[in-house]
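K.L.:
Sequence first, then the predicted structure, then my questions.
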Amino acid sequence: MDTSTAMLCTAVMEGAAVLAENNLLAQRGHAELLMPAVRDVLQASGTKQHELSGIIAGVGPGSYTGIRIAVAAGKSLAWSLGIPVVGISSLEMLGLGAWAQGAGLAAGDLLAAAEGREAAPATGAASAAEWVVPLMDARRGQVYTALFETAPGIMPRRLEPDGIRQMADWTASLAALWSALPPEVRPSAVTLAGDADKHAATAELLRPLLGDALRITEYAPQGAWGGLLGAARLLRGEHGDPHQLQPNYTQLTEAEVNKLQGL
């Protein structure tokens, strides 16, 4: 489950295979809509709540109020059912889905990689690695963002951490990272995806350097990709105490800033 954006995402996995997913556009009301959405996706997959063996929750970054909803629900479900919980980066979920959509891949195409098995090379797919840069608008010229390396048949590899950055500074950093690489190992494509329309003009500053390798696409997150990321971690035994699962806000709230400033 992920509630970090206006898109409320849920999915049910069997191992790393997607049984059902539901992506609901809801600008507000995630707290009221999440559990009914969970019930709906469980019903669609033919799964009873007591049959669950793990919970996956998007921990952000993103909407300050939104990410708390999925984290609180994930912790409560895991604790009440006595099952493990794992938190995933909402940015990684967004980036993986956007890249896969551009590559014409479905979640099932990365099943072997998520399960830790060697995947067959994707037919007709480029062998060179690509970069994907997820973007969530954070207002005032800022974005929640990160950098991942992707390629057919493998799960994403993180190159830069989740954080809130000025979009203009971030494009300059990406240009410097790309330019520092030898030409033969540079990514074959760089995809900036998510709330791209709001930052397209700044993203286009990379065009003179990247040319046709630059891709800018609007994309909304989908539950299957969060399910895939979380299932991969659960299958590797990476999970923690439900009480220790925390949102990744990446910045202080206005109240916290005021407190530090003595206001």
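P.N.:
Cool, got the structure.
K.L.:
What about Ala129, how many residues nearby?
P.N.:
A count of nearby residues for Ala129, using other C-beta atoms under 10 Å, gives 16. C-beta coordinates here come from the backbone N, C-alpha and C atoms, glycine included.
K.L.:
tally of neighbours for the residue nearest to it when sequence neighbours are not counted?
P.N.:
The shortest distance from Ala129 to any non-neighbouring residue, by C-beta to C-beta, 6 or more residues apart in numbering, is to Ala151 (4.6 Å). Neighbouring residues of Ala151 were enumerated by other C-beta under 10 Å; the total is 20.
K.L.:
before we move on, what about Arg140?
P.N.:
7.
K.L.:
Run through the strands of the chain in chain order.
P.N.:
For the chain, strands defined by DSSP state E occupy the ranges 7-14, 17-25, 55-58, 85-88, 130-139, 142-150, 157-166, 190-194, 214-218.
K.L.:
so which of the ones you listed is the most packed in?
P.N.:
Among the strands of the chain, the stretch with the highest mean neighbour count (mean count of other C-beta atoms under 10 Å) is strand 55-58, at a mean of 29.
K.L.:
Output the contacting helices and strands for that one.
P.N.:
helix 64-81, strand 85-88, helix 223-235 (3 or more C-beta pairs under 8 Å, 6 or more residues apart in numbering; DSSP states H and E).
K.L.:
Adding distance to Ala57 and mean pLDDT, write these out as TSV.
P.N.:
Converted to TSV, the helices and strands packed on strand 55-58 look like this (distance: least, C-beta to C-beta, whole Å; pLDDT from 0 to 100):
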stretch	distance to Ala57	mean pLDDT
helix 64-81	3	94
strand 85-88	6	96
helix 223-235	8	96
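K.L.:
ok, and the closest non-adjacent residue to Lys75?
P.N.:
In space, Lys75 is closest to Pro242, 4.5 Å off (C-beta to C-beta, 6+ apart).
K.L.:
Please name the nearest non-neighbouring residue to the residue nearest the centre of the chain.
P.N.:
Among the residues of the chain, the one closest to the centroid is Met93, at 1.9 Å (C-alpha atoms, centre = their mean). Closest residue in space to Met93, ignoring its immediate chain neighbours: Gly226 at 4.0 Å, by C-beta to C-beta, 6+ apart.
K.L.:
I'd like the distance between the residue nearest to the centre of the chain and Gly60.
P.N.:
Going from Met93 to Gly60 by C-beta to C-beta, to the nearest Å gives 11 Å.
K.L.:
what does Trp225 give?
P.N.:
The value you get for Trp225 to Gly60, if C-beta to C-beta is used, is 16 Å.
K.L.:
Need the residues that contact stretch 67-80.
P.N.:
1-4, 30-31, 34-35, 38, 52, 54-61, 84-85, 87, 90, 242-243, 245-249 (C-beta atoms under 8 Å, 6 or more residues apart in numbering).
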